[in-house]
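Dropping the sequence and predicted coords here.
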Amino acid sequence: MLSYDDAIEVILNTVEPLSPVECSLSEALGRVLAQDVEARWDLPPADNSAMDGFAFAQTGQGSGAQLTVSDFIPAGGRFDTPVAPGSAARIMTGAPLPEGADTVVPLEDVTEFPGGIRLGGTPKRGQHVRRRGEELQRGEVILTAGTPLYAAEIALLGAAGAERVKVHPAPRAAVLSTGDELVELGEKPAPGQIINSNAPYLAARLREEGCTVLPLGIASDSAEDTEEKMRRGLEADLLVSTGGVSVGDRDYVQPVLHDLGFRLGFWKVAIKPGKPVLFGTVGRRPVFGLPGNPAAAAATFELFVRPALRRLAGFTDPFHPPLSAILTSDIEGGEKRQRFLWGTLSAGDSECFFTPSPRQGSGQARSLQGAQALLPVAAGSPGLAKGERVRVIVFRLPEGRR
Ligand code: AMP
Ligand code: MG
């Protein structure tokens with residue numbers, strides 16, 4: 001059976017970034033830039049004051065020197081008259097430096113008297129002046145293709161005049177649940193029925209990942225219904241189904257996908273939970289058949305679907321950050337498959353701790369309740385001891401404590 005590492009290679013070799021689209025900066029949060037961006041202008045556009053104070057020409061004036069104050073220049077103001085030698089202009093932070101001035105002395109470093117100021121010390125020539133273009137120079141490449149756009153990048157692009165940018169779009173993911181035993185949230189389960197909890201879980205995780213969700217509802221355990229809903233799902237950029245993926249009498253995901261032109265990437269991976277996981281493509285579209293068991297569906301989402309989504313979205317490094325942590329309890333070994341254990345993180349003064357969740361069963365949605373990370377335990381591992389340093393896959397940071 002394929003190892004997790006080999007399965008991930010298959011995904012990375014198959015899934016490509018979605019074709020770039022142009023969008024406004026207000027739509028760009030969380031997207032990955034698909035072009036290099038140059039600054040449209042110098043920033044600051046002109047030499048300007050870094051302080052509220054007085055702008056003047058420093059020609060050797062020291063403590064006690066007096067300057068007449070000729071004018072006032074607010075931020076956003078314009079000032080066309082040069083400052084004469086021996087005089088100063090009152091200037092606010094961000095206001096353009098008037099011609100003739102090269103230095104700003106802050107308000108708190110002078111004594112004001114009617115019509116003028118007296119210097120409290122010797123201002124260094126050029127002090128508190130922000131030079132034209134010291135932040136950005138017109139034509140300079142400020143961000144390159146492949147850069148994820150968060151608040152800081154959006155501010156920078158805006159300041160540089162890039163109102164519209166080319167990005168890889170947010171993937172649209174279709175979610176299908178399968179199973180005659182399932183009813184939708186809000187319905188009352190009849191005997192033998194349970195609520196479809198995988199779909200709201202996956203929709204929520206997909207939204208957290210910045211995707212838009214195409215909900216396909218529940219397919220009954222029949223080829224016709226499964227095919228109809230899967231066809232609709234193939235309009236999205238990625239299709240995820242849960243359940244019905246094995247080779248039981250009532251498992252229709254694989255035969256239906258086969259009829260829809262499915263190209264197999266892999267079927268079954270040597271992991272626990274999540275062994276019965278299917279991946280492949282229809283056209284260029286990645287398709288995942290996740291196990292029906294809720295905690296197995298959730299684990300395979302983190303381990304396989306998320307990297308594929310990040311790839312579609314253009315991220316060059318599509319994985320959750322691995323974090324070094326100290327294990328807070330013993331873990332038994334002796335499993336033939338690589339395990340992934342749910343757990344919580346807590347931050348100490350200089351260490352992070354990983355506490356395995358009390359429930360790990362793949363059939364229970366409760367196994368992942370509160371979980372923030374998955375601990376990989378190698379196949380055939382003799383087990384791990386409390387206090388050991390481990391590397392965990394973090395998918396949610398713990399809340400902070402002061
Ligand atoms: P299956 O892979 O279809 O045999 O399903 C495996 C187990 O997962 C069964 O106990 C199902 O009832 C359960 N299951 C399948 N789909 C869902 C779902 N959408 N929500 C909750 N449980 C599910
Ligand atoms: Mg089923």
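Right, received. Where do you want to start? Ligands and ions are numbered 1, 2, ... in the order given.

Which residues of the protein lie near ligand 2?
Residues of the chain lying near ligand 2 by Cβ under 5 Å from the ion: 179, 243, 244. Just so you know, the C-beta spots here come from the backbone N, C-alpha and C atoms, and that holds for glycine as well.

Which of these fall in helices?
Nothing among these maps onto helices, per DSSP state H.

tell me which of these is nearest to ligand 1?
Nearest to ligand 1 among the residues of the chain next to ligand 2: residue 243, at 3.0 Å, using Cβ to the nearest ligand atom.

Can you report how many residues lie near the closest one?
A count of neighbours around residue 243, defined by other Cβ atoms under 10 Å, yields 28.

By proximity to ligand 1, which residue of the protein wins?
Going by Cβ to the nearest ligand atom, ligand 1 is nearest to residue 292 of the chain, at 2.4 Å.

Residue 300 versus that residue, what's the distance?
Distance, residue 292 to residue 300, using Cβ to Cβ, to the nearest Å: 11 Å.

Name the residue in these two with the higher neighbour count.
Using other Cβ under 10 Å as the criterion, residue 292 and residue 300 rank with residue 300 on top: 30 against 24.

What about the chain, which residue is the most distant from its middle?
residue 114 (56.1 Å; Cα atoms, centre = their mean).

And that one, its phi and psi?
Note on residue 114: backbone dihedrals following degrees, to the nearest 10 are phi -60, psi 120.

what about the strands in the stretch 51-200 of the chain?
53-56, 66-73, 87-91, 103-106, 110-113, 116-119, 129-130, 141-143, 164-168, 172-178, 182-183, 194-195 (DSSP state E, counting those that start in this stretch).

quick one: buried residues of the fifth one?
It refers to strand 110-113. With burial defined by 16 or more other Cβ atoms under 10 Å, the residues of strand 110-113 counted as buried are residue 110.

Ok, the longest one next?
Taking 16+ other Cβ under 10 Å as the basis for neighbour counts, the residues of strand 66-73 that come out buried are 66, 67, 69, 70, 73.

What lies in contact with that strand?
Under the contact criterion Cβ atoms under 8 Å, 6 or more residues apart in numbering, strand 66-73 has outside partners 54-56, 61, 79, 81, 83-84, 86-92, 95-96, 98, 112, 115-119.

Then stretch 110-130?
44, 47-51, 53-54, 58, 61-69, 88, 97, 102-106, 109.

For PyMOL, write a command that selects the buried ones of those.
With 16+ other Cβ under 10 Å as the burial test, the buried ones among those are selected in PyMOL as follows:
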select buried, resi 44+47+48+49+51+53+54+58+61+65+66+67+69+88+97+102+103+104+105+106+109
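
For residue 98, give me its contacts.
Residue 98 neighbours (Cβ under 8 Å, 6+ apart): 55, 71, 73, 79, 81, 82, 83, 89, 91.

Out of the residues you listed, which one has the weakest pLDDT?
Of all the contacts of residue 98, residue 79 carries the smallest pLDDT score, 73.

count of neighbours near that residue?
As a burial measure, residue 79 scores 20 neighbours (other Cβ under 10 Å).

Hmm, residue 101 and it touching each other?
No. Taking Cβ atoms under 8 Å as the definition, residue 79 is not a contact partner of residue 101, at 9.6 Å.

if we can go back for a sec, quick check, pLDDT for the residue of the chain closest to ligand 1.
Note on residue 292: pLDDT of 98.

Could you do the one 4 residues further on as well?
On pLDDT, residue 296 comes in at 98.

if I look at it, how far off is residue 390?
Counting by Cβ to Cβ, the gap from residue 296 to residue 390 is 22 Å.

neighbour-wise, which of those two wins?
Ranked by neighbour count (other Cβ under 10 Å), residue 296 and residue 390 place residue 296 first, with 25 against 19.

That one contacts residue 273, doesn't it?
Yes. In this structure, residue 296 is within contact of residue 273 by Cβ under 8 Å, at 3.9 Å.

if I look at those two, which residues touch both of them?
The contact sets of residue 296 and residue 273 overlap at residue 362 (Cβ under 8 Å, 6+ apart).

What separation is there between residue 77 and residue 95?
For residue 77, the distance to residue 95 - Cβ to Cβ - is 6 Å.

Sorry, wrong one. I was asking about residue 253.
66 Å.

likewise residue 327?
58 Å.

Show me the contact partners of stretch 253-264.
With Cβ under 8 Å, 6+ apart as the contact definition, stretch 253-264 has outside contacts at 178, 223, 226-227, 230-231, 234, 241, 243-245, 247, 267, 278, 280-283, 287, 289.

ok so, going back, next, show the common contact partners of residue 79 and residue 101.
residue 89.

can you give me the offset of the lowest-mean-pLDDT helix or strand in the chain from its chain's centre?
Each helix and strand of the chain was given a mean pLDDT (mean pLDDT, DSSP states H and E); the minimum falls on strand 66-73 at a mean of 94. Distance of strand 66-73 from the chain centroid (Cα atoms, centre = their mean, to the nearest Å) equals 50 Å.

partners of it, with directions?
Sheet pairing for strand 66-73, assigned by DSSP bridges, gives strand 87-91 (parallel), strand 116-119 (antiparallel).

Any chance of the ones you listed in a markdown table with distance to ligand 1 as columns?
Converted to a markdown table, the strands paired with strand 66-73 look like this (distance: least, Cβ to the nearest ligand atom, whole Å):
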| stretch | distance to ligand 1 |
| --- | --- |
| strand 87-91 | 65 |
| strand 116-119 | 75 |
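
just these: most buried one?
strand 87-91 (a mean of 25; mean count of other Cβ atoms under 10 Å).

contact partners of that one?
In contact with strand 87-91 (Cβ under 8 Å, 6+ apart) are residues 49, 52-56, 67-73, 79, 83, 97-98, 101, 104-105, 117.
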